[in-house]
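Engineer: Pasting a predicted model and its sequence here:
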Amino acid sequence: MLDINLKQLEAFATVVEHNSFTKAAEEMYLTQSTVSAHIRGLEESLGCRLFDREAKKKIALTEEGRLAYTYAKDILTRCHRLKEAVEKNNRTSELAVGASTVAAIYLLPGMLSEFLKKSGDCRCVLKRGDSRKVMELLRSGTIQIGFVGIRPEGDEFEVCPILRDQMVIITENSPRFREMKARGVTAKELLREPVIFREEGSGSRIVADRALQRMGIRVESLNKIAEMDNPENIKSYVAGGMGVSVISAYAAADYAADGRILAFDLEEGGTYRSIYMVHEKDVNASPLEREFIRFVKEQAEQLS
């Protein structure tokens with residue numbers, strides 16, 4: 001039977017990290033003699049010396065000490081995660097979600113409304129920002145689930161595409177632009193008009209800028225007359241004749257359907273991007289979060 005305890009491992013790891021028995025004792029609110037006793041007990045249990053007491057340096061680990069520290073740190077980290085998971089599970093049911101503009105305005109209202117009706121006693125906190133801001137909120141732990149218009153780099157989160165969206169150029173519905181649509185004009189011709197941009201950092205802006213780059217169009221060369229963070233405002237100003245804009249077809253659908261604006265392909269064959277759901281690895285998610293993730297995936301299958 002192992003007679004190693006967590007307090008011994010914590011004392012050992014704290015001494016190593018502070019390179020001092022005194023500082024470790026202060027950190028743990030223990031006496032230095034108690035810290036030393038914990039480490040002696042750990043050495044006795046393992047049958048080896050963890051520190052080279054003959055070394056000239058203040059603290060020096062033996063080979064066995066270096067190996068023990070690796071395992072001790074892993075065990076302590078797992079214990080902290082267990083405690084956080086249980087505390088999280090016991091808290092009032094709350095779903096913290098972040099979404100970039102298109103997802104927040106056009107995708108999530110229906111999804112969240114239906115989910116909350118099904119889930120009973122829970123509440124939702126929804127934070128909105130551009131895709132970069134949503135990723136910052138995820139990394140800081142402010143939210144647990146995010147919806148963004150660009151695929152995040154790295155593998156620290158689970159990433160699931162939930163909606164395929166097209167980027168289009170929108171114009172006012174006037175005789176001049178109807179004639180241009182009939183002629184099948186290119187994006188290069190349309191972008192000679194005054195342009196209303198989405199804000200930098202939004203998924204829509206990043207995808208649009210990349211498409212323009214592929215087409216050999218320099219963003220700096222365009223006649224930028226405004227920058228807005230809300231597609232509803234952009235559609236309203238475009239419909240009023242202020243200029244043209246590149247936005248999500250999903251966002252433009254209502255204005256295009258009732259004839260307030262015209263929509264043109266950005267590139268031949270279309271320019272597409274996905275809206276992604278991004279969340280912590282399932283092992284760290286609460287039951288409510290796992291339930292919502294499953295719900296969104298089911299809804300995404302119906303949308304595809």
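Structural biologist: Good, I have the coordinates.

Engineer: Helix or strand: which one has E227?
Structural biologist: Secondary structure assignment for E227, by DSSP states H and E: strand 224-228.

Engineer: Could you spell out the sheet neighbours of that strand, each with its direction?
Structural biologist: strand 195-198 (parallel) (DSSP bridges).

Engineer: Packing partners of the helix or strand that the strand it pairs with is followed by?
Structural biologist: The helix or strand immediately downstream of strand 195-198 is helix 203-214, counting by DSSP H and E. If you count contacts as 3 or more CB pairs under 8 Å, 6 or more residues apart in numbering; DSSP states H and E, helix 203-214 packs onto helix 101-102, strand 158-172, strand 195-198, strand 244-248, strand 271-279. All C-beta spots, glycine's among them, are computed from the backbone N, C-alpha and C.

Engineer: How about residues contacting the third one?
Structural biologist: With contact meaning CB atoms under 8 Å, 6 or more residues apart in numbering, strand 195-198 is reached by 101, 204-205, 208, 222-229, 231, 234, 237-238, 242-247.

Engineer: Output it as CSV, nothing but the C-alphas.
Structural biologist: Taking Å, rounded to 0.1, in the frame of the first residue of the first chain, the C-alpha atoms of strand 195-198 are listed here in CSV:
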residue,chain,number,x,y,z
VAL,A,195,-16.9,50.5,-50.0
ILE,A,196,-18.2,50.0,-46.4
PHE,A,197,-16.0,47.5,-44.5
ARG,A,198,-16.6,45.2,-41.6
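
Engineer: Provide a list of residues in contact with C48.
Structural biologist: 62, 64.

Engineer: hmm, 6 Å instead?
Structural biologist: For C48, the contacting residues are E64, by CB atoms under 6 Å, 6 or more residues apart in numbering.

Engineer: Distance of it relative to A13?
Structural biologist: 16 Å (CB to CB, to the nearest Å).

Engineer: returning to what we had before: of the helices and strands packed on helix 203-214, which approaches E114 most closely?
Structural biologist: Nearest to E114, of all the helices and strands packed on helix 203-214, is strand 158-172, at 14.5 Å by CB to CB.

Engineer: so what does that closest one touch, helix or strand wise?
Structural biologist: strand 244-248, helix 249-257, strand 261-265, strand 271-279 (3 or more CB pairs under 6 Å, 6 or more residues apart in numbering; DSSP states H and E).

Engineer: try 8 Å this time
Structural biologist: helix 187-190, helix 203-214, helix 231-239, strand 244-248, helix 249-257, strand 261-265, strand 271-279, helix 287-303.

Engineer: Could I get the contacting residues of G141?
Structural biologist: By CB under 8 Å, 6+ apart, G141 has no neighbours at all.
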